[in-house]
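Colleague: Quick one, fold the following:
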Amino acid sequence: MSEAFIVAAARTAGGRRGGRLAGWHPVDLAAQVLNHLVDTTQIDPALIEDVIMGCVSQVGEQSTNVARNAVLASRLPESVPGTSLDRQCGSSQQALHFAAQAVMSGSMDVVIAAGVESMTRVPMFTSSALPQKAGMGFYQSPLVNQRYNDVIFSQFMGAEMMARKYGFTREALDAYALQSHQRAKRATEAGVFEREIVPVAVRDEHGHPTDVMHTQDEGIRRDATLESIASVKLLQEGGLISAANASQICDGASGVMVVNERGLRQLGLKPLARIHHMSVLGHDPVIMLEAPLPATERALKKSGLSIHDIDLYEVNEAFAPVPLAWLKALDADPDRLNVHGGAIALGHPLGASGTKLMATLVHALHQQGKRYGLQTMCEGGGMANVTLIERL
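Modeller: I've put the predicted structure just below:
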């Protein structure tokens, strides 16, 4: 079987809700990433055999196969197909897995895995809330409700459960959130993200481009302090989770170009990384966010590596208890975790976060001269993808 190589990885800088990316139709925003990947590799875009794109809220502007629409909005030829998928927050990480599996099988040689989410224009939960309001029902069926005692699955309740199960205080969660902002601030000021960010023009409320370019993540609170984070209201009375120690609502797009050995020879490209392992695991959908812990343990066992062999980890900061519990359960090194900050500071554009984190991980390994990187994230429904890569 062939191996899968990453030859390009990029993302837009995150945009805050109603912020600098709010004027972009998500299809057109995703198209900018596709164009950038072609420009970076300088390949004939007709050689791209598929675009697999993650997107969570596939309704409205993100409906009707957002991947194909992004291809049609880009400079890629009409001959390039596209398909969209939803594995909740892990959607574009799963897109990467599918792309890698396609080139490893030899059925394709060049595939783009990508993701997009405009949480400004298509708010979170729209795809379930709108049909429910229209009398079209809810996704939790009678048999699901019977199995889980009529619990309404909630990521917010899952985060509270995680925090209490692993014994974290509000102070510990807030301290982690502050660290995320501080690391993201340092990385931005040092120009660490420049190689991975696709510059796009800010568009006005009518969608017209302006002279202002969006090149830095908009959500970083450079003046954050423990006091300011602690002052943010809790999401529920007596709880531990606040908006300040959770990921930020974010607009963004990202993508990774994946090829096999035949693709490398055909395109004359130098790989950035080799995909060493990929897997996905289902877990308890009630606590929901705990899946990255057993998923990582299983992935390490299957790959033959230990956590101490991994140089850098990207564990999505959906809520502060998730990476903190992951560190505790894996006995991992906190100095290797989300070294340039995470979604608490940089934002979590749902379906775009998988390849967004991969772009950051690939470039961080090169900047630091490290070998192995691991990416994982919690996902709605109690799932987690794990991807291990080796820098080349």
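Colleague: The residue nearest to the spatial centre of the chain and residue 306, how far apart?
Modeller: Residue closest to the mean C-alpha point of the chain, counted by C-alpha atoms, centre = their mean, is residue 353 at 1.4 Å. Distance check for residue 353 against residue 306: by C-beta to C-beta, to the nearest Å, it reads 26 Å. (Each C-beta comes from the backbone N, C-alpha and C, glycine too.)
Colleague: hang on, isn't residue 359 packed against residue 11?
Modeller: Yes - assessed by C-beta atoms under 8 Å, residue 359 is found in contact with residue 11 at 4.6 Å.
Colleague: Overlap in contacts, those two.
Modeller: The contact sets of residue 359 and residue 11 overlap at 196, 254, 255 (C-beta atoms under 8 Å, 6 or more residues apart in numbering).
Colleague: and which of those is nearest to residue 339?
Modeller: residue 196 (13.7 Å; C-beta to C-beta).
Colleague: Now the closest one, what are its backbone angles?
Modeller: Phi and psi for residue 196, reported as degrees, to the nearest 10, are phi -100, psi -10.
Colleague: Make sure it is actually in contact with residue 360.
Modeller: Yes - the criterion here is C-beta under 8 Å, and residue 196 meets it with residue 360 at 6.2 Å.
Colleague: Now the common contact residues for these two.
Modeller: Contacts common to residue 196 and residue 360, judged by C-beta under 8 Å, 6+ apart, are residue 11.
Colleague: Looking at the two now, which is surrounded by more residues?
Modeller: residue 360 (28 against 21; other C-beta atoms under 10 Å).
Colleague: mind listing what the more buried one touches?
Modeller: By C-beta under 8 Å, 6+ apart, the contact set of residue 360 is 11, 193, 196, 314, 340.
Colleague: Quick check: pLDDT value at the first one.
Modeller: The predicted local distance difference test score for residue 11 is 98.
Colleague: I am assuming it contacts residue 356, so please confirm or correct that.
Modeller: Yes - contact criterion C-beta under 8 Å: residue 11 and residue 356 qualify, at 4.5 Å.
Colleague: In terms of pLDDT, where does residue 174 sit?
Modeller: The model reports residue 174 with a pLDDT of 98.
Colleague: what does residue 190 give?
Modeller: pLDDT for residue 190: 98.
Colleague: I'd like the distance between it and residue 183.
Modeller: Distance from residue 190 to residue 183, counting by C-beta to C-beta: 11 Å.
Colleague: Could you do residue 311 as well?
Modeller: On the measure of C-beta to C-beta, residue 311 and residue 183 end up 16 Å apart.
Colleague: Of residue 11 and residue 356, give the one with the bigger neighbour count.
Modeller: residue 356 (35 against 31).
Colleague: Can you name the residues that contact the more buried one?
Modeller: Residue 356 sits next to 11, 92, 115, 252, 254, 349 when contact means C-beta under 8 Å, 6+ apart.
Colleague: Dump the strand or helix carrying the fourth one to PDB, restricted to CA.
Modeller: Residue 252 is part of strand 250-259, with elements assigned from DSSP states H and E. What follows is the C-alpha trace of strand 250-259 in PDB, where atoms were taken according to Å, rounded to 0.1, in the frame of the first residue of the first chain:
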ATOM      1  CA  CYS A 250     -15.100  31.700  14.700                       C
ATOM      2  CA  ASP A 251     -15.300  32.100  10.900                       C
ATOM      3  CA  GLY A 252     -12.600  30.400   8.900                       C
ATOM      4  CA  ALA A 253     -11.400  28.000   6.200                       C
ATOM      5  CA  SER A 254      -8.500  25.600   5.900                       C
ATOM      6  CA  GLY A 255      -7.000  22.900   3.700                       C
ATOM      7  CA  VAL A 256      -4.300  20.300   3.200                       C
ATOM      8  CA  MET A 257      -3.100  18.800  -0.100                       C
ATOM      9  CA  VAL A 258      -2.400  15.100   0.200                       C
ATOM     10  CA  VAL A 259      -0.600  12.900  -2.300                       C
END
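Colleague: residues of the helix or strand following it that come out buried?
Modeller: Per DSSP H and E, strand 250-259 leads on to helix 261-267 as the next helix or strand towards the C-terminus. With burial defined by 16 or more other C-beta atoms under 10 Å, the residues of helix 261-267 counted as buried are 263, 264, 267.
Colleague: Need those in TSV (columns: distance to residue 213).
Modeller: Shown next, in TSV, are those (distance: C-beta to C-beta, whole Å):
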residue	distance to residue 213
263	32
264	33
267	29
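Colleague: Generate a markdown table for those residues, with pLDDT and distance to residue 214 as supplementary columns.
Modeller: Shown next, in a markdown table, are these (pLDDT from 0 to 100; distance: C-beta to C-beta, whole Å):
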| residue | pLDDT | distance to residue 214 |
| --- | --- | --- |
| 263 | 96 | 31 |
| 264 | 96 | 32 |
| 267 | 93 | 30 |
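Colleague: what residues do residue 11 and residue 356 have in common as contacts?
Modeller: Taking C-beta under 8 Å, 6+ apart as the contact rule, residue 11 and residue 356 both touch 252, 254.
Colleague: now the helices for the protein?
Modeller: Along the chain, the stretches classed as helices by DSSP state H are 26-41, 66-73, 91-105, 126-133, 142-147, 155-165, 170-189, 226-230, 261-267, 292-303, 321-330, 343-346, 353-368.
Colleague: I'd like to know which of those is closest to residue 50.
Modeller: Closest to residue 50 of these is helix 91-105 (C-beta to C-beta; 6.8 Å).
Colleague: Next, the angle from that closest one to strand 250-259.
Modeller: Per axes from the mean of the first three to the mean of the last three C-alpha atoms, to 10 degrees, the angle that helix 91-105 makes with strand 250-259 is 10 degrees.
Colleague: same for helix 91-105, what does it pack against?
Modeller: The contact analysis (3 or more C-beta pairs under 8 Å, 6 or more residues apart in numbering; DSSP states H and E) places helix 91-105 against strand 50-54, strand 82-85, strand 110-118, strand 250-259, strand 273-282, helix 353-368, strand 383-391.
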